[in-house]
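Chemist: take this sequence and fold it.
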Amino acid sequence: MNNLLQSFKIEVPKGIFIKDPETSELGKRIIKHSILLINELGFEHFTFKKLGGAIQSNESSIYRYFESKHHLLMYLTSWYWVWIEYQLVLETFALKHSEEKLKKGIEVLTRTTQEDSNFEHINEVILNRIVINENAKAYLTCDVDNENEEGFFMPFKRTVKRFADIILEFNSNYKYPLSLANTIIEGALQQHFFKDHFKTITNCSKTTTVTEFYTNLIFNTLKHEE
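Modeler: Residues are numbered from 1 along each chain as shown. Predicted structure coming up:
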């Protein structure tokens, strides 16, 4: 298992970046500090000029890696979904019972993120916070269809499909596995946001986790449909 972790490399769709930031120390600094800066400022106030100041490099050096801050956000969200997909596969593949696999899948997709020491230049806890706050901005644009054709959203779509397969393994008669899968994935981000900012309109809290809510919802839904 340690060898698998050491050899695993997160692959982000190539069209998102001009130069792969994983191939240089400057690229890794761009990713590391963009996560910190977007978290601090919010995506609307984040600029390549501010990022250049944070990494003590010219703004033009960032444009050698990404053509726009939108593409940088797509890189970060794509990296996150590849990482989540990897965890989903890693933590469910050895489970033999479909109920156990479904519970673990729900946990992976809805739990509070812990930092992963395998990727030193990326703070997954902060990246998760960015995904909770900014994920929809990566695809709610007028270019979404063209970017989808280019395969930019494949990491997210693969994660949805993998979880839909787990749903069908538990209940092969369920008619809406893809819709349920993407509802859980997107809804979990929203519930984490509401738990932090709109506490009066969610039952999720410090004592009731997002995972507990979705475990209850999904199993009640799927057992009712049997």
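Chemist: the lengthiest helix in the chain - contacts with which helices or strands?
Modeler: Counting residues, the longest helix found in the chain (DSSP state H) is helix 69-92. If you count contacts as 3 or more CB pairs under 8 Å, 6 or more residues apart in numbering; DSSP states H and E, helix 69-92 packs onto helix 25-41, helix 98-110, helix 124-134, helix 154-170. For every residue, glycine as well, the C-beta is placed using N, CA and C.
Chemist: just put those in a markdown table and tack on distance to residue 182, mean pLDDT and mean neighbour count.
Modeler: Shown next, in a markdown table, are the helices and strands packed on helix 69-92 (distance: least, CB to CB, whole Å; pLDDT from 0 to 100; neighbours: other CB atoms under 10 Å):
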| stretch | distance to residue 182 | mean pLDDT | mean neighbour count |
| --- | --- | --- | --- |
| helix 25-41 | 24 | 97 | 18 |
| helix 98-110 | 11 | 98 | 20 |
| helix 124-134 | 15 | 96 | 19 |
| helix 154-170 | 5 | 97 | 20 |
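Chemist: can you tell me how far residue 194 sits from residue 39?
Modeler: 19 Å (CB to CB, to the nearest Å).
Chemist: in PDB, list the C-alpha atoms belonging to the longest helix of the chain.
Modeler: Below are the C-alpha coordinates for helix 69-92, written out as PDB (Å, rounded to 0.1, in the frame of the first residue of the first chain):
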ATOM      1  CA  LYS A  69      -7.400  32.800 -12.900                       C
ATOM      2  CA  HIS A  70     -10.500  30.800 -14.100                       C
ATOM      3  CA  HIS A  71      -8.200  28.100 -15.500                       C
ATOM      4  CA  LEU A  72      -6.200  28.200 -12.200                       C
ATOM      5  CA  LEU A  73      -9.500  27.600 -10.300                       C
ATOM      6  CA  MET A  74     -10.400  24.800 -12.700                       C
ATOM      7  CA  TYR A  75      -7.000  23.300 -12.000                       C
ATOM      8  CA  LEU A  76      -7.500  23.400  -8.200                       C
ATOM      9  CA  THR A  77     -11.000  21.900  -8.300                       C
ATOM     10  CA  SER A  78      -9.900  19.200 -10.800                       C
ATOM     11  CA  TRP A  79      -7.000  18.300  -8.500                       C
ATOM     12  CA  TYR A  80      -9.400  18.100  -5.600                       C
ATOM     13  CA  TRP A  81     -11.800  15.800  -7.400                       C
ATOM     14  CA  VAL A  82      -9.000  13.500  -8.600                       C
ATOM     15  CA  TRP A  83      -7.800  13.300  -5.000                       C
ATOM     16  CA  ILE A  84     -11.400  12.500  -3.800                       C
ATOM     17  CA  GLU A  85     -11.800   9.900  -6.500                       C
ATOM     18  CA  TYR A  86      -8.600   8.300  -5.500                       C
ATOM     19  CA  GLN A  87      -9.700   8.100  -1.900                       C
ATOM     20  CA  LEU A  88     -13.100   6.700  -3.000                       C
ATOM     21  CA  VAL A  89     -11.400   3.900  -4.900                       C
ATOM     22  CA  LEU A  90      -8.700   3.200  -2.200                       C
ATOM     23  CA  GLU A  91     -11.200   3.000   0.700                       C
ATOM     24  CA  THR A  92     -13.900   1.000  -1.000                       C
END
